[in-house]
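Asker: missing the sequence, but the structure's below:
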């Protein structure tokens, strides 16, 4: 993250969760990145990353993992984004990215840094 | 160690039973088939304004005026 900043880029993290009520304002100020709350899933949908959690996965989360998404997302919101990362140039064009429904597949930090360095070199 | 290796190591360490992993795998396949494929390289990222953890409104356009932006969509803190 410090490398991303040192290259002059910003990092925004987006989730469908409601704004956190468990942290104090001091703790919120100590978080060095912006954690954005897409409480209506409008942005998730615009980015074509939104999905409704299928029934058997919902049951698994509730009964095996003790995870009730409504506690985080709000009533009736059993919905999530496909985990995704996008590196945008200053025109807002996607220069590199990855989106994979397999939660174990993420864009490598080294690839993110390489993409930012590429932007600095020009289109 | 790459991030991929770290995630794989963590995922294996959870030792989830095969019947649980089968549900997780079917869930992943379902989402793949739903067509939620995200943006393509070369596409313009849609504009948005969302509140951050301090309740301040953050707009993508404003951040882009300062430099490149990395967007990370994550499922949640759980």
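Answerer: Received it, and whenever you're ready, just let me know what you need. From a predicted model like this one, the values you see are computed outputs, not experimental measurements.
Asker: so residue A:87 is in which element?
Answerer: Under the criterion of DSSP states H and E, residue A:87 resides in strand A:84-88.
Asker: Could I get the average pLDDT for that strand?
Answerer: The average pLDDT within strand A:84-88 is 97.
Asker: Just checking the distance from that strand to the centre of its chain.
Answerer: 9 Å (CA atoms, centre = their mean, to the nearest Å).
Asker: Stretch B:18-28 too?
Answerer: Distance, centroid of stretch B:18-28 to centroid of chain: 19 Å (CA atoms, centre = their mean).
Asker: And it, what's buried?
Answerer: Across stretch B:18-28, burial judged by 16 or more other CB atoms under 10 Å in any protein chain shown covers B:23, B:24, B:27, B:28. For glycine as for every other residue, the C-beta is placed from the backbone atoms N, C-alpha and C.
Asker: what does that stretch contact?
Answerer: If you take CB atoms under 8 Å, 6 or more residues apart in numbering or on different chains as the criterion, stretch B:18-28 is touched by A:53, A:54, A:56, A:57, A:60, A:64, A:101, A:102, A:103, B:16.
Asker: so what's residue A:83 up against?
Answerer: A:99, A:100, A:101, A:103, A:105, A:106, B:73, B:74, B:75 are the contacts of residue A:83 under CB under 8 Å, 6+ apart.
Asker: Tell me which of those fall in helices.
Answerer: Per DSSP state H, helices hold no members of the contacts of residue A:83.
Asker: Pull out the buried residues from the residues you listed.
Answerer: If we count by 16+ other CB under 10 Å, the contacts of residue A:83 have these buried: A:99, A:100, A:101, A:103, A:106, B:73, B:74, B:75.
Asker: quick check, residue A:65 in a strand?
Answerer: No. Under DSSP: H, G, I helix; E, B strand; the rest coil, residue A:65 sits outside any strand and is assigned coil.
Asker: Return the distance of it relative to residue A:23.
Answerer: Distance of residue A:65 to residue A:23, given as CB to CB, to the nearest Å: 23 Å.
Asker: okay, those two: which has more neighbours?
Answerer: The neighbour count for residue A:65 versus residue A:23, taken as other CB atoms under 10 Å in any protein chain shown, is higher for residue A:23 (15 against 11).
Asker: Right, I'll call it a day here.
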